[in-house]
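Participant: Sequence below, structure please.
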Amino acid sequence: MLVATTNDLPGYRITAHVGMVRGVTVRSRSVVGNIGGAIQSIFGGSLSIYTKLAETARQEAYDLMVAHAREMGADAVVAMRYDANEIMDGITEVLAYGTAVKAERL
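Facilitator: Numbering: from 1, shown residues only. Sure, this is the predicted structure:
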């Protein structure tokens, strides 16, 4: 599955727009993660515990979006974006979305 943040795919011709696709995940920080993050924040620098949580959430949302595009019969997703919102303290929604298309190599 080709996925691009651009509106076109160099080397490909978009033959049909299939529709909007998305992948959504909701994640929370665990008590252990919060303690680990608090300890890391005392020393400054990168908070690897939170970085890993953010990357895991983004990857899950991306994978769900790609699965949605495949279910719709798409070859690619263009104009892909991420969005994230805190639903409540410590609980975050991560959304990956884009336009599913059919494409053929030039």
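Participant: all helices of this protein, in order?
Facilitator: Secondary structure of the chain, counting by DSSP state H: helices at 31-43, 48-71.
Participant: What residues does Ile91 make contact with?
Facilitator: Residues in contact with Ile91, defined by CB atoms under 8 Å, 6 or more residues apart in numbering, are Val26, Arg27, Ser28. Just so you know, the C-beta spots here come from the backbone N, C-alpha and C atoms, and that holds for glycine as well.
Participant: Then Val66?
Facilitator: Neighbour list for Val66: Met1, Val3, Gly23, Val77 [criterion: CB under 8 Å, 6+ apart].
Participant: repeat that for 7 Å
Facilitator: Under the criterion of CB atoms under 7 Å, 6 or more residues apart in numbering, the contact list for Val66 reads Met1, Val3.
Participant: picking up where we left off before, worst mean pLDDT among the helices of the chain?
Facilitator: When the helices of the chain are compared on mean pLDDT, helix 31-43 scores lowest, with a mean of 52.
Participant: which one of the contacts of Ile91 is nearest Tyr62?
Facilitator: Of all these, the one with the least separation from Tyr62 (CB to CB) is Arg27, at 13.6 Å.
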